[in-house]
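>>> just to be clear, the model below is a prediction. Sequence and coordinates:
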Amino acid sequence: MPFRTRTAVSGAILATAAVLLCPAAAAARPAPAPAPPGWSAAPAPGDGATPSAQDRPYFYLEGAPGTVMNDRLSLRNPTGRAVTVRLRGSGAWIACAAKEVTVPPRTRATVPFTVTVPRDAAPGDHPAALVATAGGTGRGAVERDAVPVHLRVSGPVLAALTVENVSVRGRGGAAVIRYTLVNRGNTVLTPRLAVRADGLFGPVLRRGLRTLPGRLSPGQSAELTETWADPPALDAVEVRLTATADGGAHGAATAAYTALPWGVVAGPAFLLAAGACGLVAVRRRRRARGPGDARGGEPVRSAPGGARPPEGQAADPAAELASTGSGARS
């Protein structure tokens, strides 16, 4: 028994030493499990597996005008409470089998829906979405989830893009180019834009094609701007915008831009105004003078006998001398 006693004491000592040497390990507690995420909506997979964004991030449906297509939405609730979800489609073509679904805790529910393509629908892309909301109305904050629906109506596809309303305005030491892109076709476009400007002495701006952020749905327009950091200070420039997209879409438009410093504009205007004022002053002075002043200030002499000489003819000097002599003799 002494051996067993010594063994027990040795074990106790070792255990105590381990606690003293490693207090953090003794005080450690198992980390709590992470809270499960909230409910979510996703396309239901065909094989019944758990849906995820990697497997099927959106719905893709394609059909001819007049077609009715079916698919299913999966609502997942990993929380410990039931969740009531309201469903709606962003477009009139989508109809859900139920407008409101209650999903029990730690389960998922599948909701069928249909997409009815009108007979007069234009071929091309028609993007939409299935929108699911929960909460609100005194039951906490509104939670929202949306699943994109990429719907394509089969038929001839037309990709058309136009550039409109191009204008250039100065702003400080820079200029702003404003323009509008319009999708004139029946398919969704991701536009690309190139900018060039040519002045009197050659090119002043070159920007190659680059993809613009965002997409344009059929019939949609977008008002956009381009900043021109160092436009010329004195030049007459033609700015040209060229937009392209997949499918052969192409559009272009131009706008005139004249850059003139204030001194260049004000100087000639000042000289013109000064010249006009001087001309008016000269005319007023001439009007203020009499008829004699107009002939150089010389008095007009009378002809003998009080008669005035004809206009433009001076008095006769011989007649003046005879008149003077007869006066002396008398």
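Yep, it's here. Being a predicted model, the structure only gives us computed values, none of them experimental.
>>> what about L279, which SS state?
helix (DSSP: H, G, I helix; E, B strand; the rest coil).
>>> okay, now it: neighbour count?
Here the neighbour count serves as a burial measure; for L279 (other Cβ atoms under 10 Å) it reads 10. No exception for glycine: its C-beta is placed from N, CA and C like everyone else's.
>>> sketch out the strands for the stretch 151-300 of the chain, chain order is fine.
Chain-ordered strands for the stretch 151-300 of the chain, with DSSP state E, counting those that start in this stretch as the definition, fall at 161-171, 174-183, 192-199, 202-211, 221-228, 235-245, 249-259.
>>> and the fifth one, which strands flank it?
Applying DSSP bridges, strand 221-228 is found paired with strand 174-183 (antiparallel).
>>> ok so, going back, right, so of the strands of the stretch 151-300 of the chain, which gets closest to R76?
Within the strands of the stretch 151-300 of the chain, the stretch nearest R76 is strand 202-211; the backing value is 34.7 Å (Cβ to Cβ).
>>> which parts of the closest one are buried?
Within strand 202-211, the residues that qualify as buried are V204, L205, counting by 16 or more other Cβ atoms under 10 Å.
>>> alpha carbons of it, in CSV - could you do that?
Extracted in CSV, the C-alpha atoms of strand 202-211 (Å, rounded to 0.1, in the frame of the first residue of the first chain):
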residue,chain,number,x,y,z
GLY,A,202,-4.4,68.5,-83.3
PRO,A,203,-5.6,66.0,-80.7
VAL,A,204,-6.1,67.3,-77.1
LEU,A,205,-7.7,64.2,-75.4
ARG,A,206,-7.6,60.5,-76.0
ARG,A,207,-9.3,57.9,-73.8
GLY,A,208,-9.6,54.3,-75.1
LEU,A,209,-12.6,52.0,-74.7
ARG,A,210,-13.4,51.1,-71.1
THR,A,211,-16.3,49.2,-69.6
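>>> what angle do it and strand 235-245 make?
Compare the direction of strand 202-211 with that of strand 235-245 by axes from the mean of the first three to the mean of the last three Cα atoms, to 10 degrees and you get 20 degrees.
>>> could you list every helix and strand in contact with strand 202-211?
strand 192-199, strand 235-245 (3 or more Cβ pairs under 8 Å, 6 or more residues apart in numbering; DSSP states H and E).
>>> closest one to G91 among these?
When those are compared by Cβ to Cβ, strand 235-245 sits nearest G91, at 23.0 Å.
>>> before we move on, the earlier item: closest one to V85 among the helices and strands packed on strand 202-211?
Each of those was scored for nearness to V85 using Cβ to Cβ, and the closest is strand 235-245 (37.1 Å).
>>> partners of the closest one in the sheet?
Determined by DSSP bridges, the sheet partners of strand 235-245 are strand 192-199 (antiparallel), strand 249-259 (antiparallel).
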